[in-house]
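Q: below is the sequence, then the predicted model.
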Amino acid sequence: MVWLAILSALCGAFFLALGTQRQASAVQANTGGLSLTVGGLLRMLRNPRWVLGLLMLGVGMGLNVFALVSAPLTVVQPIGAIALVITTIINSKDQGIRLNRITVVAITACVAGSAGFVLLAVNVTGENHPVTPAEELSTVLLLAVVVAVFLTLQLTFRRRLNAFTYILGAGMLFGFVAVLVRIIGLNLFNPDGGFLANVPVFSVIAIAAAAGLGSWFVQSAYSSGPPDLVIAGLTVIDPLVGIAIGIFVLGELRPDVEPVIAIAMVGMGLVAIVGVIVLSRHHPDVLQKQEEARRRAQSAATRKP
């Protein structure tokens, strides 16, 4: 069942990559790199390219839900890194961007770190076990803190937030969404026959709030950053949040994990994180926008009397 879940997650990554690229190109064409507004998002509903991307994302999320319910978070979550390679290739051809060497190295670090983590995690995760009400409540309370922090940032500094901040917020929020999807799925298929009665109302409210704010952050990131940077953040930050909760809150790792394996897993995670940070600073699209902003500032300074 674990390997079927891994295959499902891989297929989901392909659909997520294609959907992300379609939506990102539609949003950037509509906003011209400016901040996304509520009215702009509503106009996207009439954009065929954006709607196609939405449908692809829906298929990818459905495959991920199956994978999350069928295997531990620690195994499934990092697989999405393959979407980064797909998105980068598609976007570079679509935009006519030639990737520089440091971007290729950063992408390689993201994928290698995530893949290494999965290979190590497969052998040290325990069998699926029921999530206790206390573990579920702890997850929701942690999510409430994260939602409060990023909602405050959005309301207070909306015009000053950059793509990386939106990506960080979206990654953390969707990391919690993945955890709650797994918990709710396990509750629904609990053999006691309770089905919907097994799902607390606060979990449903929490997942709706996280998914809503996270989706807004993703769309905002599209308007100010390249889609491969967006997918890089989501496929690294999202899994790391989910894995951390899986390990420290849900207790998915076996108690007999050797220290060398634990250290190697931490190392692989750090490699992936460094890859995202480097990509956010040295991607050709990012460098091009920085140069354009510098020229506009110089031009404005020259016109001043």
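A: Now that the structure is in, tell me what you want to look at.
Q: check which helix or strand the residue nearest to the spatial centre of the chain maps to.
A: Taking Cα atoms, centre = their mean, the centroid of the chain lies closest to Leu234, which sits 2.2 Å from it. In the assignment (DSSP states H and E), Leu234 maps to helix 227-248.
Q: ok, and for that helix, which residues are buried?
A: 227-247 (16 or more other Cβ atoms under 10 Å). Every residue, glycine included, has its C-beta placed from N, CA and C.
Q: and it, average pLDDT?
A: Mean pLDDT, computed over helix 227-248, is 77.
Q: got the angle between the helix or strand following that helix and helix 227-248?
A: Beyond helix 227-248 in the direction of the C-terminus, DSSP H and E gives the next helix or strand as helix 259-282. Here helix 259-282 points in a direction 150 degrees away from that of helix 227-248 (axes from the mean of the first three to the mean of the last three Cα atoms, to 10 degrees).
Q: can you give me the offset of helix 259-282 from its chain's centre?
A: 16 Å (Cα atoms, centre = their mean, to the nearest Å).
Q: which other residues reach it?
A: Contacts made with helix 259-282 from outside it, assessed by Cβ atoms under 8 Å, 6 or more residues apart in numbering, are listed as 78, 81, 100, 102-103, 105-114, 116-117, 120-121, 123-124, 163-164, 167, 225, 228-229, 232-233, 236-237, 240, 243, 286.
Q: buried ones from the residues you listed, can you make that a ChimeraX selection?
A: What follows is the ChimeraX syntax selecting those of these that are buried according to 16+ other Cβ under 10 Å:
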select :78,81,103,106,107,109,110,111,113,114,116,117,120,121,124,163,164,167,225,228,229,232,233,236,237,240,243,286
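Q: taking the contacts of helix 259-282 one by one, which sit in strands?
A: In strands, judged by DSSP state E, none of the contacts of helix 259-282 are found.
Q: now the helices: where do they sit in the stretch 51-200 of the chain?
A: Listed in chain order, the helices of the stretch 51-200 of the chain (DSSP state H, counting those that start in this stretch) span residues 73-76, 82-95, 101-122, 133-157, 163-188.
Q: got a list of contacts for the fourth one?
A: Helix 133-157 is contacted by residues 161, 165, 169, 172-173, 176, 179-180, 183, 200, 202-203, 206, 209-210, 213, 216-217, 245, 249-251 when judged by Cβ under 8 Å, 6+ apart.
Q: how about a cut-off of 6 Å?
A: Here helix 133-157 makes contact (Cβ atoms under 6 Å, 6 or more residues apart in numbering) with Gly169, Met172, Phe176, Val179, Ile183, Phe202, Ala206, Ala209, Ala210, Val249, Leu250.
Q: just give me how far that helix sits from the chain centre.
A: Between the mean C-alpha point of helix 133-157 and the mean C-alpha point of its chain there is a distance of 16 Å (Cα atoms, centre = their mean).
Q: pLDDT at Val59, what is it?
A: Among the per-residue scores, Val59 shows a pLDDT of 91.
Q: repeat that for Phe202.
A: 91.
Q: same question, the one 10 residues further on
A: What the model reports for Gly212 is a pLDDT of 91.
Q: what strand or helix carries it?
A: With DSSP H and E as the criterion, Gly212 is inside helix 201-224.
Q: what packs against that helix?
A: helix 2-31, helix 133-157, helix 163-188 (3 or more Cβ pairs under 6 Å, 6 or more residues apart in numbering; DSSP states H and E).
Q: reformat those as CSV; add mean pLDDT.
A: Formatted as CSV, the helices and strands packed on helix 201-224 follow (pLDDT from 0 to 100):
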stretch, mean pLDDT
helix 2-31, 81
helix 133-157, 91
helix 163-188, 85
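Q: can you tell me which of these is most buried?
A: Highest mean neighbour count among those (mean count of other Cβ atoms under 10 Å): helix 163-188, with a mean of 24.
Q: what about Leu42, which helix or strand?
A: Following DSSP H and E, the helix or strand that holds Leu42 is helix 38-44.
Q: that helix - what's its average pLDDT?
A: Confidence for helix 38-44, expressed as mean pLDDT, is 75.
Q: report the buried residues of that helix.
A: Buried residues in helix 38-44 (16+ other Cβ under 10 Å): Leu41, Met44.
Q: same question for stretch 267-274.
A: Across stretch 267-274, burial judged by 16+ other Cβ under 10 Å covers Met268, Gly269, Val271, Ala272, Ile273.
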